[in-house]
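J.: sequence-free structure coming up:
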């Protein structure tokens, strides 16, 4: 019988490292059905509460491992093309790849899952939009990133605020391999920094307290993380020979369009999507299949805008 832990974003300690436990259920079993784990209303509320407080939450055993393995097999050739043609714009041997939006990546049983969308709506409001689908991969020889947030402040200028507004932009991440040790390059996060002003974040980095507050988020295949992209975090080195691919899905409030990233949707894929999924992707361009073609290794994002918004995690050239 599987052991069930219901603690919300509790912390455990391994040596001197704090390990994020998040909300766990059936931790020694993996999702083996063809659909994502069905979340109860209680679980949804717990995840929303945890993310609101800490800036992130982890859904354990959420995605079927068969779907993860299919994506892993499909993305490796794309990663090799990117390495052959491009510059590692996120630091030494750390690669950003935007997979074509089609099977096995364009899986609406994941990005339109009712439970996941209930959490998203609980954080950024009703009627959100899906604005990004990509991947981040540190390879052997990668390095620590600078501690950063993934977006610039929503409002700029001399504002007399002591905190940022409620959530408006989320990153949903899930790894395509087990990331259970520091050798594998886990994401490190700092709890509760998602409502911190940019100025306070910079002071926290300058005085060294940010470095002390970092904790790794260890995840298995099938786990999924929902986070406010403003929370301070960094990528860590992958010291193994297996690429540590992390899929990145972006959701925003219904009125927010990110110009620096987009999802180019093949017309044939669009025509097969449910009405719900089409509405999520309503701001994204639908293109003739022939126009999209196969992945070439070149990325089409707005490098200037992404560099300005990424908090030094992205160092691309135009």
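T.: Cool, the structure landed. Values in this document were obtained by computation on a predicted structure and should not be read as measured data.

J.: please make it C-alpha for all contacts and neighbour counts, starting now.
T.: OK.

J.: quick one: the helices in the stretch 1-150 of the chain?
T.: Assigned by DSSP state H, counting those that start in this stretch, the helices in the stretch 1-150 of the chain fall at 41-54, 65-85, 108-111, 114-124.

J.: what's in contact with the longest one?
T.: By that I understand helix 65-85. For helix 65-85, the external contacting residues (CA atoms under 8 Å, 6 or more residues apart in numbering) are 30-32, 34, 95, 97, 99, 104-105, 176-177, 221-222, 245, 295-298.

J.: just to revisit the earlier point, pick the most deeply packed of the helices of the stretch 1-150 of the chain.
T.: helix 114-124 (a mean of 20; mean count of other CA atoms under 10 Å).

J.: which regions of the stretch 1-150 of the chain sit below the pLDDT cut-off?
T.: Across the stretch 1-150 of the chain, the ranges flagged by pLDDT under 70 are 1-33.

J.: hmm, back to that, select only the buried ones of the contacts of helix 65-85 in ChimeraX?
T.: Command for ChimeraX, covering only those of those found buried under the criterion 16 or more other CA atoms under 10 Å:
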select :30,31,32,95,97,99,104,105,176,177,221,222,245,295,297
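
J.: from the contacts of helix 65-85, which land in strands?
T.: Taking DSSP state E, the ones among the contacts of helix 65-85 that sit in strands are 95, 97.

J.: give me the neighbour count for the residue nearest to residue 243 when sequence neighbours are not counted.
T.: Excluding its sequence neighbours, the residue lying closest to residue 243 (CA to CA, 6 or more residues apart in numbering) is residue 139, at 5.1 Å. By other CA atoms under 10 Å, 22 other residues sit near residue 139.

J.: so who does the closest residue to residue 246 other than its chain neighbours touch?
T.: Closest residue in space to residue 246, ignoring its immediate chain neighbours: residue 175 at 4.2 Å, by CA to CA, 6+ apart. For residue 175, the contact set (CA under 8 Å, 6+ apart) comprises 219, 220, 221, 222, 223, 224, 244, 245, 246, 247.

J.: buried stuff in the helix or strand the last one falls within?
T.: Okay, so that is residue 247. For residue 247, the element it lies in under DSSP states H and E is strand 246-252. Residues of strand 246-252 classed as buried by neighbour count (16+ other CA under 10 Å): 246, 247, 248, 249, 250, 251, 252.

J.: just put these in CSV and tack on distance to residue 55 and pLDDT.
T.: As requested, those are exported to CSV (distance: CA to CA, whole Å; pLDDT from 0 to 100):
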residue, distance to residue 55, pLDDT
246, 19, 98
247, 19, 98
248, 16, 96
249, 16, 97
250, 15, 96
251, 15, 97
252, 15, 96
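
J.: switch these over to a markdown table; also include distance to residue 134.
T.: Formatted as a markdown table, these follow (distance: CA to CA, whole Å):
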| residue | distance to residue 134 |
| --- | --- |
| 246 | 9 |
| 247 | 6 |
| 248 | 5 |
| 249 | 7 |
| 250 | 9 |
| 251 | 12 |
| 252 | 15 |
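
J.: out of those, which comes closest to residue 164?
T.: Set against residue 164, the nearest of the buried residues of strand 246-252 by CA to CA is residue 252 (15.8 Å).

J.: which of the contacts of residue 175 lies closest to residue 129?
T.: Nearest to residue 129, judged by CA to CA, of those is residue 247 at 17.5 Å.
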